[in-house]
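S.K.: After the sequence you'll find the predicted model.
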Amino acid sequence: MPRQPGTDEIEWQFDALDLRPVERWLTTLPTLSVEPYEQTTITASAQPPQRLVDSYLDTDDWRMANAGFVVRTRRHGRRDDITLKTAPWAEGDGLRQPLEACEELPVSGVGDIGPDGPVGRRVHAIAGRKPLRPVLSVRTRRRSFALCIDGGDAAEIALDDTVIVVGNGQRPMQLRRVEVRVFHEWMDALGPLVLQLRAACGLQPARLSKFEAGLLARGVVIPGPPDLGSTEIGPEVNLGELAYAVLRRQLAVLRQKEPGTRLGEDPEELHDMRVATRRLRAALDLFAEVLPMRSRHFRGELGWLAGVLGAVRDLDVQLQAQEAMVEPGQEELWADLTALLTRERDAARAALLSALDSVRWERLVSGMAAMVQQGPLRRASATRLAALVAVPDLICSRHAAVVKAARRARRSGEAADFHRLRIRCKRLRYSLEFGAELYEERTNPYTRQLAKLQDQLGLMQDAEVAATRLADLATGDANLPASTIFVMGGVAELHRQEMARLLGRLPAEVSRVRGREWLELTTTLDRGRERALALVPPARRTLRVLPDHPVPEQAGETGSAAATAPALVRPDLIRVAGGGENPA
């Protein structure tokens with residue numbers, strides 16, 4: 001068929017005991033009718049048979065598979081292609097909706113695939129400096145049939161007789177599979193026809209792709225993320241257990257968002273990874289007393305990572321805001337500015353990918369993983385303190401910092417002071433979220449109030465960053481045309497007006513930090529601490545007395561021994577372990 005596989009298709013995959021019933025069924029197509037197309041003619045025309053040689057590739061640490069992709073090279077006669085597909089789970093009826101990109105493979109092989117094609121760009125981003133290597137070899141004899149409705153292409157049915165090389169002298173694995181690809185516009189018409197095909201030919205939905213089936217046959221298991229330890233948080237945990245549960249959760253998010261951040265097709269993946277770095281830094285600060293010394297080094301390294309992530313995120317936000325400003329018919333006026341910001345984003349993204357490919361990044365994630373797997377420091381007394389007892393003081397100290405920053409911002413009205421308030425609100429909010437499960441989410445009302453204030457402060461910060469960047473570009477060495485500089489000046493002024501509007505509203509918004517929700521939260525914190533203290537067993541008080549010494553028999557005995565030996569032990573000098581003198 002002339003149309004190439006892609007996102008405009010829906011695919012079913014079925015396992016078959018024998019492919020001959022499917023061939024016989026295809027000969028009956030002209031006599032079948034499909035509602036609501038009873039008056040149409042459906043025909044199947046056989047295509048020349050193909051022999052396909054597929055090689056599946058991945059890095060030695062399975063980066064592509066862990067990112068949800070399968071990379072495959074395929075030989076069609078004298079031509080080789082490389083394809084990247086998503087690996088979605090098949091639905092109950094064998095339906096898959098894969099995303100797929102394909103380009104021609106260089107003659108010199110996979111190592112020379114460029115970074116600009118639809119496959120090469122994604123492979124370079126996700127795999128980084130890790131080379132792709134063959135992990136599976138598959139050979140298929142394919143007979144294809146083009147399904148036409150009234151002479152127009154509507155679908156393709158491929159009958160595959162597949163051999164998967166297992167290796168080690170073992171017998172190859174054999175699969176017989178029927179793949180049905182239907183173009184979206186014919187989904188409603190041909191969906192019932194696919195069900196008829198399945199019922200008539202005894203087909204079963206394929207639960208595994210050829211790649212998954214091949215790995216299963218070879219006994220290969222793709223390693224998942226490492227087990228970092230328990231992330232359970234309940235009212236009974238101590239401060240050390242709470243700290244490490246929080247760190248494990250956020251480190252897992254950081255690692256989970258790396259593939260999407262590398263790929264760069266969804267800005268929210270990078271945003272989530274950046275937020276995870278912030279939460280990790282906040283947790284390292286909040287729980288510093290129960291963490292080892294090396295945690296301070298990790299906090300600094302997370303600051304470096306947040307910087308390279310933030311450089312890309314800020315430009316994403318500015319480009320999105322600018323896109324919303326462009327009115328129909330004015331695209332040319334904005335073209336140069338958009339191109340300039342896009343080039344800056346590309347440079348920032350290149351720096352980000354270089355950072356994620358660096359030894360520094362690998363040491364950061366591996367070092368933090370080792371720390372959280374080790375668990376709390378058992379000998380530290382603060383570690384064993386009940387979280388419900390310790391957390392209120394931690395939260396109140398951060399709230400005091402917020403109140404102080406709020407007073408200063410309201411008094412000065414300067415953007416820098418409101419930015420400082422935003423940072424402190426964020427730290428307080430994270431602290432509350434870390435301990436929310438201790439209080440059965442009763443911290444949420446105040447957290448929502450903080451989030452509203454933080455959103456307002458964040459909008460002002462975004463406007464300030466955008467205005468500053470535009471000013472720097474206009475006065476820099478970009479050699480922009482006068483029309484573009486004029487547009488940039490107008491955009492910068494819009495950002496300044498937005499900043500002024502938000503600054504006018506913020507003093508009233510700041511009152512949220514000490515409102516009714518905060519008073520209710522302090523009551524919740526106090527009650528939690530009282531319950532935890534009531535469960536603490538009384539301290540064991542052990543009496544220690546001075547040792548007995550023999551009393552001299554003769555009162556007149558002299559000498560150093562008699563002079564230094566005490567008389568009877570005085571009850572009023574009995575000391576209590578861990579306390580002062582016994583008042584008795």
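M.R.: Arrived safely. Numbers count the residues shown, from 1 in each chain.

S.K.: now the helices: where do they sit in the stretch 1-150 of the chain?
M.R.: 20-26, 63-66, 120-127 (DSSP state H, counting those that start in this stretch).

S.K.: for those, which one sits closest to residue 322?
M.R.: Between residue 322 and the helices of the stretch 1-150 of the chain, the shortest separation by Cβ to Cβ is 23.6 Å, and it involves helix 120-127. To be clear about C-beta, it is placed using only N, CA and C from the backbone, and glycine gets the same treatment.

S.K.: Any buried residues in the closest one, and which?
M.R.: 120-127 (16 or more other Cβ atoms under 10 Å).

S.K.: before we move on, what about stretch 502-514?
M.R.: Buried residues in stretch 502-514 (16+ other Cβ under 10 Å): 502-503, 506, 509-510, 512-513.

S.K.: Select from those residues every entry located in helices.
M.R.: 502-503, 506, 509 (DSSP state H).

S.K.: Out of the residues you listed, flag the one nearest to residue 260.
M.R.: residue 502 (30.7 Å).

S.K.: For that closest one, give me its contacts.
M.R.: 456, 459-460, 463 (Cβ atoms under 8 Å, 6 or more residues apart in numbering).

S.K.: Now with 7 Å, please.
M.R.: Taking Cβ atoms under 7 Å, 6 or more residues apart in numbering as the criterion, residue 502 is in contact with 456, 459-460.

S.K.: Of these, just the buried ones, ChimeraX syntax please.
M.R.: Buried members of the contacts of residue 502, defined by 16+ other Cβ under 10 Å, are picked up in ChimeraX with:
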select :456,460
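
S.K.: Need phi/psi at residue 173.
M.R.: Dihedral angles of residue 173 (phi, psi; degrees, to the nearest 10) stand at phi -90, psi 140.

S.K.: didn't it look like it was pressed against residue 217?
M.R.: Yes - between residue 173 and residue 217 there is a contact under Cβ atoms under 7 Å: 4.1 Å.

S.K.: Now the common contact residues for these two.
M.R.: 164, 166.

S.K.: how near is residue 485 to residue 340?
M.R.: For residue 485, the distance to residue 340 (Cβ to Cβ, to the nearest Å) stands at 11 Å.

S.K.: Same question for residue 268.
M.R.: Counting by Cβ to Cβ - residue 268 and residue 340 are separated by 24 Å.

S.K.: If you count surrounding residues, which of these two has more?
M.R.: residue 340 (17 against 11; other Cβ atoms under 10 Å).

S.K.: so where does the more buried one fall, helix or strand?
M.R.: Using DSSP states H and E, residue 340 sits in helix 331-356.

S.K.: State the next helix or strand along the chain beyond that helix.
M.R.: Per DSSP H and E, the helix or strand that comes after helix 331-356 is helix 359-374.

S.K.: what's next to that next one, contact-wise?
M.R.: Against helix 359-374 from outside (Cβ under 7 Å, 6+ apart): 226, 228-229, 244, 247-248, 251, 255, 292, 294-295, 298, 301, 305, 355.

S.K.: With stretch 51-69 instead?
M.R.: Contacts of stretch 51-69 (Cβ under 7 Å, 6+ apart): 70-75, 84-87, 110, 126-127, 130-142, 211, 222-223, 259.

S.K.: Please spell out which residues along that stretch are buried.
M.R.: Result for stretch 51-69 [16+ other Cβ under 10 Å]: buried residues 52, 54-59, 62-67, 69.

S.K.: Quick check: end-to-end length of it?
M.R.: Using Cα to Cα, to the nearest Å, the end-to-end distance of stretch 51-69 comes to 24 Å.

S.K.: Rounded mean pLDDT for that stretch, please.
M.R.: Throughout stretch 51-69, pLDDT has a mean value of 93.

S.K.: do stretch 259-278 as well
M.R.: The model assigns stretch 259-278 a mean pLDDT of 94.

S.K.: Same check on stretch 491-501?
M.R.: pLDDT averaged over stretch 491-501 gives 79.

S.K.: what residues does that stretch touch?
M.R.: By Cβ under 7 Å, 6+ apart, stretch 491-501 touches 322, 325, 415, 460, 463-464, 466-467, 470-471.

S.K.: Are any of these buried, and if so which?
M.R.: 322, 415, 460, 463-464, 466-467, 470.

S.K.: now, which of those lie within strands?
M.R.: When DSSP state E defines the strands, the subset of the buried ones among the contacts of stretch 491-501 inside them is empty.

S.K.: Could you dump these into a markdown table with pLDDT added?
M.R.: Below are these laid out as a markdown table (pLDDT from 0 to 100):
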| residue | pLDDT |
| --- | --- |
| 322 | 81 |
| 415 | 81 |
| 460 | 82 |
| 463 | 82 |
| 464 | 81 |
| 466 | 80 |
| 467 | 80 |
| 470 | 79 |
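
S.K.: No more questions from me, cheers.
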